[in-house]
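Student: Model the structure of this input:
(4 chains)
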There are 2 protein chains.
Amino acid sequence: MARPRHAVTIRDVAREANVHPGTVSRALNPETRGLVNQDTADRVMRVAARLGYRPNPIARGLKTSRSYTVGVLIPDITNPLFPPILRGIEDRLEDAGYTALIVNTDNDTDRERSHLEAMRARQVDGLISATARLDTDLPGELAATGIPLVLVNRSLEDGSVLAVTIDDQRGVALAIEHVVQLGHVRIAQLAGPQNTSTGHRRYLGFLQSMRTHGLDVRDGCVQICRWFAEEEGARGCARLLDAFATATAIVAGNDLLAIGCYDTLATRGLRCPADISIVGFNDMPFVNRLSPPLTTVRVPQRRLGAAAADLLLERLGDGAQPAREILLEPTLIVRESTAPPAQRS
Amino acid sequence: MARPRHAVTIRDVAREANVHPGTVSRALNPETRGLVNQDTADRVMRVAARLGYRPNPIARGLKTSRSYTVGVLIPDITNPLFPPILRGIEDRLEDAGYTALIVNTDNDTDRERSHLEAMRARQVDGLISATARLDTDLPGELAATGIPLVLVNRSLEDGSVLAVTIDDQRGVALAIEHVVQLGHVRIAQLAGPQNTSTGHRRYLGFLQSMRTHGLDVRDGCVQICRWFAEEEGARGCARLLDAFATATAIVAGNDLLAIGCYDTLATRGLRCPADISIVGFNDMPFVNRLSPPLTTVRVPQRRLGAAAADLLLERLGDGAQPAREILLEPTLIVRESTAPPAQRS
DNA sequence: CTGTTAGCGCATTCAT
DNA sequence: ATGAATGCGCTAACAG
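Tutor: Reported below is the predicted structural model:
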C-alpha cells in the first residue's frame, strides 16, 4: 500500500476530481455540502475516499480558530475514580470529532495554573475539570478567559458554572435508609475532607438524612478526615470509636475511608458487620472482593463523564447557554458489610 | 459573541517592538535566538511578556509539521494496569513540553486504525502503543509512515521496534522460585491469552523456569485462558483442577486470573493457601486486601511509562538509535496466598 | 544581523 | 453552482 509521502490534501482531491479546492472544501464539509451540486459532491467524496483524504485539523483550526480539542483536568489518573469518567468523556468527544488533552493536577494549584496556560496556548475549545478542591477560584479565572467550562463531580454553590455531579445527598440518604431499615439507630459518619465538593455535600446529606429519620446527631458522631485515603480513614475511625463507642453503623465518605474502617475494626477486635456495619461510597473496583464485601453507593462514573462531555459539546455548539447542573442518580449496592445491629444494650 | 481569542500575535509584538515579525519569531524561539542581536532579542521578549503574547502551537505546527504532541494508544484506560503507565508517560512528556493524546482502542483493529489516522492528521510527532495483541501488523504499517513508535508492555520478537517491557520470564521465575522454596513440586500455570505479548512470554517463562528447577511439566499442568478476566480465570482454574488434581501451587498469568482461581477454589471447598497456593502477576490495586492477600509479581508500571516516554523523546530529539528494547525488573511481593504445601500425597 | 517573501492546509469571502 | 483570491499565525529561505 503505497502511502504518499505527505498526507493527501484538499488540493490533491481537487486535481483528481477536476474541481477547485474550494469546492472540495465545501463538498466535504457536511455544513456546506448544500452549496454544491449533488453530483459533484458525490464525485468529490468518492475521490476523497479513494485517495484516503483526511482533513488536517491543524490547518482547519488555524483558519477557524478552533482546535477540536478539549482540555481535561483531573487530580490523578491513578485514582480509580477517574478512569471511568475519562472513558465516558473520551467516548463522547471522539464521536463528535474532538480530542481530549488530559492532565494530572495532583490538586496542586500551581500545576493547575500552568496546565491551564498550556491548554490555552493549544487553543482548547473547552475544558472539563474534575479537580476536587473548592478553595481556588479556578472557575472564576476561567470564566474570564471565555473558555467554556464544565465541572464534573463537583459544582459551585452558586450554580454559576455548568456542572454534572451525582446527587450526593441522595446517595447518603440511600445508605442511611438502608441501615435504618436494618434496625440501626446509633449511626455515625466518617466524613471526607470538607474542602472538597463531594466531602462536603455528603456531610450535609448525612445531617439532613438523620434529621429526616428523626435520629440523634450526637456529639462526636461525625468525624472528618483530611484526605480520602485508607490510613486517614483508619485514624478517623479510631477517633469515631473513641468519641461514640456505642455506634453500630458507620457511613463513610467514600470507599477508601470505609476500607480504613475495616483496618481499625480489625485492630480493635471488632467484627464487621457483626459488631459494626459499614457503608462506603463510589463502588470502586474490587470492593466487592474485600472481606466482607463492601456495601456501598455506586456512582455511574462513566455516565458522569459522558454527560459532562455532552454538556460541553452542546455549549460549544450553540454559544451561550444558561448555566445548569445535571444531577445523576446513585444506587445502593448491598453486600455483606451491613447487617442488623447486635443485641447489645 | 467575540471571544477575545489570542488577540496578541507575533505581529502585535513586532509592531510594538519596532521590528519585523520574522525577527520576533527568531527572538522568541530559543533555537534561533542566537541569530538575533542580544539587545533586540531582550526588547522583543520584554514586549512579548508585557503584551502577554502566547505562541500559537497550531500555526507553528502547520508550518513546521511538528505538533509537540504524541499519541498514546491503550486498550482501555479503565483497566487498572494502564493508569500508572499513563501517568509515567505524561509526567515525562510534560517535562519535555509535549502533550499526550490518549485513545482507547478496546483492542479493536478498526478502532485502532481510525485512531491512528486521526493522530496522523493531528500531526503527532510520535506514538506510544500499549495495545496488547500480537496478531496485527500495526508496527509495520506505522514504520511505513515514518512516525516514531515505542511499544510499552509488549515487544516484537524480532526486536525491530523500540520497546520497553518488564522481564516477564524473570517475573515468572521469581514466582516459581518462591513456591519451590516453600516446598512445592506439583506446580501449575494458569496462562493468559497467547496472542498477547505478556501472556505468551509468561507461558514461556513458566516452561523454562520449571525446567531450570528440574520439575515435571506434566500434561494438563498449563491451562490457557482466552482473556485476562476473572470469570475466564475461574473457568481455567476449574479445568486445571480437573486435569491436574494434585497440584499444590498455581502461578497465574495475571492478578485477574488469580482472583478467578480464588472463586473456583471457594466453589470447590478448597482453601488458599492451605490446600493450594496462588501467585498473581501485576500487583493491581487492592489485591493486598483480598482474602487471602495475594502474593504477586509487582510490575513497575509508572517507570514503564516513563521509560517509554524517555525512549520516544530521545528518538524525537536526535534521531539517533538508542537501545532497542528496555527490560525493567519485576519484584515479588509475598503475601498470604502462598504457603508450604499440605502434607497430603 | 534583520527585513522580505512565501507558503503550511484549509475555510471563506467575492466573483462569475 | 463553482472558480478565484485571501488570509489564519507562524517559520524558513533568501536577500540585503
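
Student: Quick one: distance of the helix or strand of chain A with the lowest mean pLDDT to the chain centre.
Tutor: Of all helical and strand segments in chain A, the minimum by mean pLDDT, DSSP states H and E falls on helix A:138-145, at a mean of 75. Remark: helix A:138-145 is offset 20 Å from the chain centroid, using Cα atoms, centre = their mean, to the nearest Å.

Student: Identify each buried residue in that helix, please.
Tutor: By 16 or more other Cβ atoms under 10 Å in any protein chain shown, the buried positions in helix A:138-145 come out as A:138-139, A:142. Every C-beta, even on glycine, is put in place using the N, C-alpha and C of the backbone.

Student: Kindly report the same for stretch A:187-196.
Tutor: Buried-residue list, stretch A:187-196, by 16+ other Cβ under 10 Å: A:187-194, A:196.

Student: got the CA positions of that stretch in CSV?
Tutor: C-alpha atoms of stretch A:187-196 as CSV (Å, rounded to 0.1, in the frame of the first residue of the first chain):
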residue,chain,number,x,y,z
ILE,A,187,-25.3,5.9,63.2
ALA,A,188,-22.1,7.7,62.6
GLN,A,189,-20.4,9.3,59.7
LEU,A,190,-16.8,9.2,58.7
ALA,A,191,-16.8,12.3,56.5
GLY,A,192,-14.4,13.2,53.8
PRO,A,193,-12.4,16.5,53.6
GLN,A,194,-14.7,19.4,53.8
ASN,A,195,-12.8,21.4,51.2
THR,A,196,-13.9,19.0,48.5
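
Student: which residues touch A:R33?
Tutor: Contact analysis of A:R33 by Cβ atoms under 8 Å, 6 or more residues apart in numbering or on different chains lists A:26-27, A:41.

Student: CSV for those residues, including secondary structure, distance to DNA strand D and pLDDT?
Tutor: Shown next, in CSV, are the contacts of A:R33 (DSSP: H, G, I helix; E, B strand; the rest coil; distance: Cβ to the nearest atom of the strand, whole Å; pLDDT from 0 to 100):
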residue, secondary structure, distance to DNA strand D, pLDDT
A:R26, helix, 6, 92
A:A27, helix, 7, 93
A:A41, helix, 7, 92
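
Student: What strand or helix carries A:V279?
Tutor: strand A:277-282 (DSSP states H and E).

Student: Revised request: answer the last question for A:V297.
Tutor: Using DSSP H and E, A:V297 falls within strand A:295-298.

Student: Just the buried residues of stretch A:187-196: which are in strands?
Tutor: A:187-191 (DSSP state E).

Student: Nearest to DNA strand C among these?
Tutor: Set against DNA strand C, the nearest of these by Cβ to the nearest atom of the strand is A:A191 (50.6 Å).

Student: pLDDT wise, what is the closest one at?
Tutor: Per-residue pLDDT puts A:A191 at 98.

Student: partners of it in the sheet?
Tutor: A:I224 (DSSP bridges).

Student: Let me see the contact set for it.
Tutor: Taking Cβ under 8 Å, 6+ apart, one finds A:199, A:202-203, A:206, A:222-225, A:253 in contact with A:A191.

Student: returning to what we had before: what is the strand holding A:V297 packed up against?
Tutor: Secondary-structure packing of strand A:295-298 (3 or more Cβ pairs under 8 Å, 6 or more residues apart in numbering or on different chains; DSSP states H and E): helix A:168-182, strand A:277-282, strand A:331-333.

Student: Let's see that with 10 Å instead.
Tutor: helix A:168-182, strand A:249-252, helix A:255-267, strand A:277-282, strand A:331-333 (3 or more Cβ pairs under 10 Å, 6 or more residues apart in numbering or on different chains; DSSP states H and E).

Student: Output the second one as CSV - backbone C-alpha positions only.
Tutor: Provided in CSV are the C-alpha atoms of strand A:249-252 (Å, rounded to 0.1, in the frame of the first residue of the first chain):
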residue,chain,number,x,y,z
ALA,A,249,-23.2,1.7,61.8
ILE,A,250,-20.7,3.9,60.0
VAL,A,251,-21.5,5.7,56.8
ALA,A,252,-18.2,6.6,55.2
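
Student: A:D219 - nearest residue in space that isn't next to it in sequence?
Tutor: In space, and not counting its chain neighbours, A:D219 is closest to A:A243: 7.3 Å by Cβ to Cβ, 6 or more residues apart in numbering or on different chains.

Student: and if you look at A:F82?
Tutor: That would be A:I74: by Cβ to Cβ, 6+ apart, it lies 4.9 Å from A:F82.

Student: Can you list the neighbours in contact with stretch A:108-121?
Tutor: By Cβ atoms under 10 Å, 6 or more residues apart in numbering or on different chains, the surrounding residues in contact with stretch A:108-121 are A:67, A:69-73, A:75, A:101-106, A:124, A:126-127, A:129, A:131, A:133, A:135-138, A:141-142, A:145, A:147, B:6, B:54-58, B:94, B:97, B:99.

Student: about what we covered before: what about the contacts of A:A191, which one has the most neighbours?
Tutor: Of all the contacts of A:A191, the highest neighbour tally under other Cβ atoms under 10 Å in any protein chain shown goes to A:G253, namely 31 neighbours.

Student: Contacts only, for that one.
Tutor: Applying Cβ under 10 Å, 6+ apart to A:G253 gives the contacts A:168, A:172, A:189-194, A:196, A:198-200, A:202-203, A:206, A:223-225, A:228, A:233, A:236, A:280-282.

Student: ok, 8 Å please
Tutor: Contacts of A:G253 by Cβ under 8 Å, 6+ apart are A:189-192, A:198-199, A:202-203, A:225, A:228, A:281.

Student: I'd like to know how far A:A59 sits from DNA strand D.
Tutor: 7 Å (Cβ to the nearest atom of the strand, to the nearest Å).

Student: which strands and helices sit next to the host helix or strand of that residue?
Tutor: Per DSSP H and E, A:A59 falls inside helix A:57-64. Secondary-structure packing of helix A:57-64 (3+ Cβ pairs under 8 Å, 6+ apart): helix B:57-64.

Student: Burial check on A:D216, number of neighbours?
Tutor: For A:D216, using other Cβ under 10 Å, the count is 12.

Student: Could you check the pLDDT of the residue lying closest to A:A17 once chain neighbours are set aside?
Tutor: Distance criterion Cβ to Cβ, 6+ apart; nearest residue to A:A17, sequence neighbours excluded, is A:V47 at 4.3 Å. pLDDT recorded at A:V47 is 92.

Student: can you check A:D216 too?
Tutor: A:D216 carries a pLDDT score of 90 in this model.

Student: how far away is it from A:R186?
Tutor: 8 Å (Cβ to Cβ, to the nearest Å).

Student: and what of A:G233?
Tutor: 20 Å.

Student: neighbour-wise, which of these two wins?
Tutor: Set side by side, A:G233 and A:R186 show more neighbours around A:G233, with 31 against 15, by other Cβ under 10 Å.

Student: where's that one relative to chain B, distance?
Tutor: 13 Å (Cβ to the nearest Cβ, to the nearest Å).

Student: buried ones in the strand or helix carrying that residue?
Tutor: Per DSSP H and E: A:G233 is located in helix A:230-243. Neighbour-count burial for helix A:230-243 flags A:230, A:232-238, A:240-241 (criterion: 16+ other Cβ under 10 Å).

Student: Report the mean per-residue pLDDT for that helix.
Tutor: Mean pLDDT, helix A:230-243: 98.

Student: Tell me which residue in the stretch 151-300 of chain A sits closest to DNA strand C.
Tutor: Closest residue of the stretch 151-300 of chain A to DNA strand C, Cβ to the nearest atom of the strand: A:L162 (24.9 Å).

Student: what residues are up against the closest residue to that residue other than its chain neighbours?
Tutor: Distance criterion Cβ to Cβ, 6+ apart; nearest residue to A:L162, sequence neighbours excluded, is A:V150 at 4.6 Å. Applying Cβ under 8 Å, 6+ apart, one finds that A:V150 lies in contact with A:126-129, A:161-164, A:308-309, A:311-312, A:315.
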